[in-house]
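>>> coordinates only, sequence not included:
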């Protein structure tokens, strides 16, 4: 596969980093057009995301499950954009910054701590703003209603490298469902203030590589058909 420029969302890589936090839930790849985002991921990884369903926020998604060492794990890639069958335009969707995006890219990531409420409280005590705990849901193409709760809201830390918390409750974690798969080799964060971000990760008990950079980037290295590929 030909390397893409730094302004696009995928690139080839020779990195084989194995830094993936145990509490990772999913990585979000968001764009102003869902079909475009799904195509971009397929071009980069060689795998096409399966339709996931629609949200009451005016969005819809498609999913790819991650494997680690060839084994299924409770991690996945969520490709998200405006619901193509809905009435809400991209310009009106604030979720994952979709309203301001011109191209699809990795937007942020979610973690699933062992004790969701305690983790949210611990973050608040450490001064990490995660927003309110709110319910959310998605209706699958088969009509099944999936429900969960997560941290979100206007008072959330605007840094996309700060993850949100998610608790699936009685819902089966989507990464363990019947989905296409791709091997997740590593996850790293590029950040202009690595020490400050590392302190936030410590409060969230997230072990993740943070490297100095001029701009924030969340970089997932996956095993594509032609070797390691970066999604960013």
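Everything's here; your move. Given the structure is predicted, the values throughout are model-derived calculations rather than measurements.
>>> low pLDDT regions in the chain?
Scanning the chain for pLDDT under 70 picks out 1-18.
>>> can you pull out the helices in it?
Ranges of helices within the chain are 34-45, 116-125, 194-204, based on DSSP state H.
>>> out of those helices, nearest to residue 93?
Closest to residue 93 of those, according to C-beta to C-beta: helix 34-45, at 11.0 Å. For every residue, glycine as well, the C-beta is placed using N, CA and C.
>>> So in terms of bridging, what pairs with residue 59?
Counting by DSSP bridges, residue 59 is bridged to residue 82.
>>> Same question for the one 4 residues further on.
When bridges are assigned using DSSP bridges, the partners listed for residue 63 are residue 50, residue 78.
>>> So which residues make contact with stretch 52-61?
34, 51, 62-63, 78-88, 92-93, 95, 98, 136-141, 146, 174 (C-beta atoms under 8 Å, 6 or more residues apart in numbering).
>>> distance between the ends of that stretch?
Using C-alpha to C-alpha, to the nearest Å, the end-to-end distance of stretch 52-61 comes out at 5 Å.
>>> Quick one: distance of it to the chain centre.
15 Å (C-alpha atoms, centre = their mean, to the nearest Å).
>>> next one: stretch 148-156
14 Å.
>>> and what of stretch 208-219?
15 Å.
>>> for stretch 110-127, same thing?
18 Å.
>>> on that earlier part again, filter the contacts of stretch 52-61 down to just the buried residues.
34, 62-63, 78-83, 93, 95, 98, 138, 146, 174 (16 or more other C-beta atoms under 10 Å).
>>> Tell me where the chain has strands.
10-12, 24-30, 50-54, 59-68, 71-82, 105-111, 132-139, 145-152, 164-167, 181-191, 209-212, 217-224, 227-231 (DSSP state E).
>>> Count the neighbours of residue 108 for me.
Using other C-beta atoms under 10 Å, residue 108 has 20 other residues around it.
>>> So it versus residue 97, what's the distance?
9 Å (C-beta to C-beta, to the nearest Å).
>>> any common contacting residues for the two?
Residues touching both residue 108 and residue 97 (C-beta under 8 Å, 6+ apart) are residue 160.
>>> just to revisit the earlier point, any idea which of the buried ones among the contacts of stretch 52-61 is the one closest to residue 127?
residue 95 (24.9 Å).
>>> now the closest one, nearest residue through space, not along the chain?
Leaving out its chain neighbours, the residue that sits closest to residue 95 by C-beta to C-beta, 6 or more residues apart in numbering is residue 57, at 5.1 Å.
>>> Next, give phi and psi for that neighbour.
Here is the backbone geometry of residue 57 (degrees, to the nearest 10): phi -80, psi 0.
>>> quick one: which of the helices of the chain is nearest residue 72?
Among the helices of the chain, helix 34-45 sits nearest to residue 72 (C-beta to C-beta), with 16.7 Å.
>>> how big is the angle separating the closest one from strand 227-231?
Put simply, helix 34-45 runs at 150 degrees to strand 227-231, going by axes from the mean of the first three to the mean of the last three C-alpha atoms, to 10 degrees.
>>> shouldn't residue 104 be in contact with residue 82?
No: proximity of residue 104 to residue 82 does not meet the contact threshold set by C-beta atoms under 8 Å, at 11.7 Å.
>>> quick one: common contacting residues for the two?
32-33.
>>> quick one: residue 31 and residue 89, what's the gap?
Residue 31 is 14 Å from residue 89, where distance means C-beta to C-beta.
>>> for residue 192, same thing?
For residue 192, the distance to residue 89 equals 32 Å [C-beta to C-beta].
>>> Ramachandran coordinates for residue 215?
The phi/psi pair for residue 215 (degrees, to the nearest 10) is phi -130, psi 160.
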